[in-house]
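A.B. asks: with the input below, show me the fold.
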Amino acid sequence: MALSMHRESNSSGSNSSKQQQMDASKYVRYTPEQVDALERVYAECPKPSSLRRQQLIRECPILANIEPKQIKVWFQNRRCREKQRKEASRLQTVNRKLTAMNKLLMEENDRLQKQVSQLVYDNGYMRQQLHTVSTTTDTSCDSVVMSGLQQHQNPTPQHPQRDTNSPAGLLAIAEETLAEFLGKATGTAVDWVQMIGMKPGPDSIGIVAVSRNCSGVAARACGLVSLEPTKVAEILKDRLSWFRDCRCLDVASAIPTGNGGTIELVYMQVYAPTTLASARDFWMLRYITSLEDGSLVICERSLTASTGGPTGPPSSSFVRAEMLPSGYLIRPCEGGGSTIHIVDHIDFDASSVPEVLRPLYESSKILAQKMTMAALRHIRQIAQETNGEIQYSGGRQPAVLRALSQRLSRGFNDAVNGFVDDGWSIMSSDGVEDVTIAINSSPSKCLGSQYNNLAMLPTFGGVLCARASMLLQNVPPALLVRFLREHRSEWADYGVDVYAAASLKASPYAVPCAKPGGFPSGQVILPLAQTVEHEEFLEVVRLEGQAFSPEDIALSRDMYLLQLCSGIDETTSGASCAQLVFAPIDESFGDDAPLLPSGFRVIPLELKSDGPTASRTLDLASALEVGHGGARSGGEADTSSNQNLRSVLTIAFQFTFEHHYRDSVAAMARQYVRAIVGSVQRVAMAIAPSPLTSNIVPKTLPASPEALTLAQWICRSYSIHTGGELFHADSPAAGDAVLKQLWHHSDAIMCCSVKMNASAVFTFANQAGLDMLETTLVALQDIMLEKILDEAGRKILLSEFSKIMQQGFAYLPAGICVSSMGRPVSYDQAIAWKVLNDDDSNHCLAFMFVNWSFV
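C.D. replies: Prediction:
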């Protein structure tokens, strides 16, 4: 008995010792030296392998008493703590943003309540005036009431006599500008209307509003950024870095004020958006100061005869516009970051442009997109880059990519405007004024960074620009630019691309257009960078050359374009100004590579009055009469005043040339731009939405009698040859029902011509077929059958062709074909059959690709 108890005691003691050893191995208390050693390894590799952990134990004697399994557990716990820390930091950041946004929304709510109170007060004042007028004998009561209300709302300011050229006088103007700006930014000085689609939130751009019933055009935005106020102020003052339409901004003088602020006299030039209008310039006073609550303010206004102040520089080739009190209010947020209020209020003097183009200068939405929202987006972009939230490919710094985008946009603006002080001069026309040719042979221009490789040549003549503008009717800008971007082969000439790319070499081609007819080439778009909200893309486009004869081999090399695309997202709020700018580059282009930008810009024209939807025709706008009243040529007023959607398209293409080939290059450029205008017209007619619907339908159902007849032939021939039916047996077959069913068929159905000694060209495709080929009905006729089939598909079709012609049809196995964009498309099966007309003669060859999809 005693022996048994002794054994049980020994057994229990042994188990207790083992349990203590297990607990000791499970819970390890690390020394500070051990933690430091593990942290160093974690910094290099947060998830080391088993071999790396064993190596760590061997290399660090202080870790010798720790099991590899415990090392593994330590790294797991460390990664978990790091994840929790990041999540806590993220939640704190979101909480700070929500707190600041809540404060911003409360301020906006207070402002709206003040606006409602002001409207109620104005309503009562108008009622009182109406009652007063009704007791008088004056019949013009409307004019009396409105004039009285305007005097009540906007009393004429009484300025005391002052010397506006002295520092004290300038300070008085600055303080008045500050008060008016704050009234617009946080008060009710302007009747603001929030833009549709601008939803406030911690990750949104902010609250954006446009003016209603005020002089000039105005836009207002407020939002949050994770930068300190001084950094934000520094960025906003550098308008050249974020306002793409700003040509230059010079500070003529700076005067410090007694309250710690600064008054600056600023001269600014702004590009014209199209060739049909003149550029604008501004002579302004800028006031930089701080408020009592620690906010920074940068406000500005034009100095005119009414405001007083020093006289600005003369502007011979510019129209002097007026900057009404505008600026930036930057408030610090608790926990870091800033709240920004932006107000832009400008009078562009719209009467100096043709009446049809006045909406460009009378639209507050366009001002909001191109200036107000651009400033806020630029600051948010830099803030996210600074915080490491954006990763770019290609190893280029964000500042370098922004500089490339800026150079592309600035080079295109220079080409569109063609300023005389830059060295541009107009060549004589060939009798038709649709395309303007400008030449720049200025040494200062040609020896700059843009063309430094070419200007050293003794035969280098300069840069030539062919530009044109046209009015588009009922064509969405975003849809048109997106089509031009994705389907370059449908408007571009490969021979001209070869000539433009050759200008980058030390000895460019002497022949202006190496192959005037051009030949097709594929394109591959390689993304380089994009902005936070994806409203702008910077990308590299590789044009894949193809040689169809031995003499074309030298021209079949791949070429590269640096391309900037913006405004193609139709879901973005505001007026969708769309732009596609590109420049040929070398395969290994550097940060300072020479750029010669060309491209397209489409800006919508918002009309003040709505009318019935117009026909989808286009009209070259180069012959518009420009006068003080903006009169238009007869016959145009009736057609252009009834458009629901109009826009102005500006085209500019630049080429280098040698002295002895100047006239040849000019003729080639003029012909090329005219060809592009014709291509854009066809594309615009194809992608324009139907007048009977407001939905954007890129591919409309063809309803011509020929299309109805062809649809019946396709279905009847399929039934005759295969014995089957394309549609269900109970489907209606009367009228255009057959065409509708064929058009909406889920499989890709297309027809191509069958001619002797000629390539098979597509003549018809249903909607699925157009989607598969990535083209339109207009451009379908430029696609050849042999170009979409791969080598195996061409061999199979060739072997089955005799069977098709004798038997009437053939089943082709699964395979791969290529769209017009060069993307591979797989299909499970293809059916080919002869299409017979009413005389049972061969009309064309039809194909149906079953269960197709992009690879």
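
A.B. asks: which non-adjacent residue is nearest residue 28?
C.D. replies: Distances taken as Cβ to Cβ, 6 or more residues apart in numbering put residue 70 closest to residue 28, at 5.2 Å, once the chain neighbours are dropped. Every C-beta, even on glycine, is put in place using the N, C-alpha and C of the backbone.

A.B. asks: can you get me a residue count around that neighbour?
C.D. replies: Using other Cβ atoms under 10 Å, residue 70 has 16 other residues around it.

A.B. asks: for it, helix, strand, or coil?
C.D. replies: Three-state secondary structure (criterion: DSSP: H, G, I helix; E, B strand; the rest coil) places residue 70 in helix.

A.B. asks: quick one: it and residue 84, what's the gap?
C.D. replies: Using Cβ to Cβ, to the nearest Å, one gets 21 Å for the distance from residue 70 to residue 84.

A.B. asks: so what sits opposite the most centrally placed residue in the chain in the bridge?
C.D. replies: Using Cα atoms, centre = their mean, the residue of the chain that lies closest to the mean C-alpha position is residue 566, 1.5 Å off. In this structure, residue 566 has the following beta-bridge partners (DSSP bridges): residue 536, residue 579.

A.B. asks: residues contacting the closest residue to residue 403 other than its chain neighbours?
C.D. replies: Distance criterion Cβ to Cβ, 6+ apart; nearest residue to residue 403, sequence neighbours excluded, is residue 591 at 7.3 Å. If you count contacts by Cβ atoms under 8 Å, 6 or more residues apart in numbering, residue 591 has them with 396, 400, 403-404.

A.B. asks: let's see which of those residues end up in helices.
C.D. replies: Judged by DSSP state H, the contacts of residue 591 include 400, 403-404 as members of helices.

A.B. asks: closest to residue 231 among those?
C.D. replies: If you rank the ones in helices among the contacts of residue 591 by distance to residue 231 using Cβ to Cβ, residue 403 comes first, at 19.0 Å.

A.B. asks: what's the distance between the closest one and residue 323?
C.D. replies: When Cβ to Cβ is applied, the distance between residue 403 and residue 323 equals 27 Å.

A.B. asks: same question, residue 820
C.D. replies: Remark: distance between residue 820 and residue 323 (Cβ to Cβ) = 48 Å.

A.B. asks: check residue 40 too.
C.D. replies: For residue 40, the distance to residue 323 under the criterion Cβ to Cβ works out to 58 Å.

A.B. asks: neighbour count winner among these two?
C.D. replies: For residue 40 versus residue 323, the count of surrounding residues by other Cβ under 10 Å is larger for residue 323: 24 against 11.

A.B. asks: beta partners of the more buried one?
C.D. replies: In this entry, residue 323 is beta-bridged to residue 346, by DSSP bridges.

A.B. asks: go on, the one 4 residues further on?
C.D. replies: According to DSSP bridges, residue 299, residue 343 are recorded as the beta-bridge partners of residue 327.

A.B. asks: you'd agree it is up against residue 179?
C.D. replies: No - in this structure, residue 327 is not within contact of residue 179 by Cβ atoms under 8 Å, at 11.5 Å.

A.B. asks: of these two, who's got more company?
C.D. replies: Between residue 327 and residue 179, counted using other Cβ under 10 Å, residue 327 has the larger neighbour count: 27 against 13.

A.B. asks: contacts only, for that one.
C.D. replies: With contact set as Cβ under 8 Å, 6+ apart, residue 327 has these partners: 177, 181, 185, 287, 297-300, 342-343.

A.B. asks: repeat the analysis, applying 6 Å as the threshold.
C.D. replies: The contact partners of residue 327, taken as Cβ atoms under 6 Å, 6 or more residues apart in numbering, are 181, 298-300.

A.B. asks: so it versus residue 182, what's the distance?
C.D. replies: Separation of residue 327 from residue 182 (Cβ to Cβ) stands at 9 Å.

A.B. asks: follow-up on the earlier one: distance check, the residue nearest to residue 28 against residue 49.
C.D. replies: To residue 49, residue 70 is 16 Å away according to Cβ to Cβ.

A.B. asks: and residue 133, by the same measure?
C.D. replies: In this structure, residue 133 and residue 49 are separated by 90 Å, where distance is defined by Cβ to Cβ.

A.B. asks: neighbour count: those two, which is higher?
C.D. replies: Shown here are residue 133 and residue 49; by other Cβ under 10 Å, residue 133 has more neighbours (18 against 9).

A.B. asks: quickly find the element holding that one.
C.D. replies: Secondary-structure assignment from DSSP states H and E places residue 133 in helix 68-134.

A.B. asks: and that helix, what does it pack against?
C.D. replies: Under the contact criterion of 3 or more Cβ pairs under 6 Å, 6 or more residues apart in numbering; DSSP states H and E, helix 68-134 touches helix 50-59, helix 141-153.

A.B. asks: for residue 262, give the beta-bridge partners.
C.D. replies: If you apply DSSP bridges, the partners that residue 262 bridges to are residue 256, residue 288.

A.B. asks: if we can go back for a sec, if you rank the contacts of residue 591 by neighbours, which is first?
C.D. replies: Across the contacts of residue 591, the neighbour count under other Cβ under 10 Å reaches its highest value at residue 404, namely 23 neighbours.

A.B. asks: doesn't residue 534 belong to a strand?
C.D. replies: No - the assignment for residue 534 (three-state DSSP) gives coil, which keeps it out of a strand.

A.B. asks: Three-state assignment for the closest residue to it other than its chain neighbours, please.
C.D. replies: Closest residue to residue 534 in three dimensions, ignoring its sequence neighbours and counting by Cβ to Cβ, 6+ apart: residue 569, at 6.4 Å. Classification of residue 569 by three-state DSSP places it in coil.

A.B. asks: neighbours of residue 569, how many?
C.D. replies: Every residue meeting other Cβ under 10 Å relative to residue 569 is counted, giving 15.

A.B. asks: repeat for residue 651
C.D. replies: Neighbour count of residue 651, defined by other Cβ under 10 Å: 21.

A.B. asks: that one is in what secondary structure piece?
C.D. replies: strand 646-658.

A.B. asks: contact partners of that strand?
C.D. replies: So strand 646-658 is contacted by 274, 415-416, 454, 459, 461, 463-473, 477, 503, 596, 598, 600-605, 665, 669, 673 (Cβ under 6 Å, 6+ apart).

A.B. asks: whichever of those residues end up buried, select them in ChimeraX.
C.D. replies: Filtering the contacts of strand 646-658 down to the buried ones (16 or more other Cβ atoms under 10 Å) takes a single ChimeraX command:
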select :274,415,416,454,461,463,464,465,466,467,468,469,470,471,472,473,477,503,596,598,600,601,602,603,604,605,665,669,673
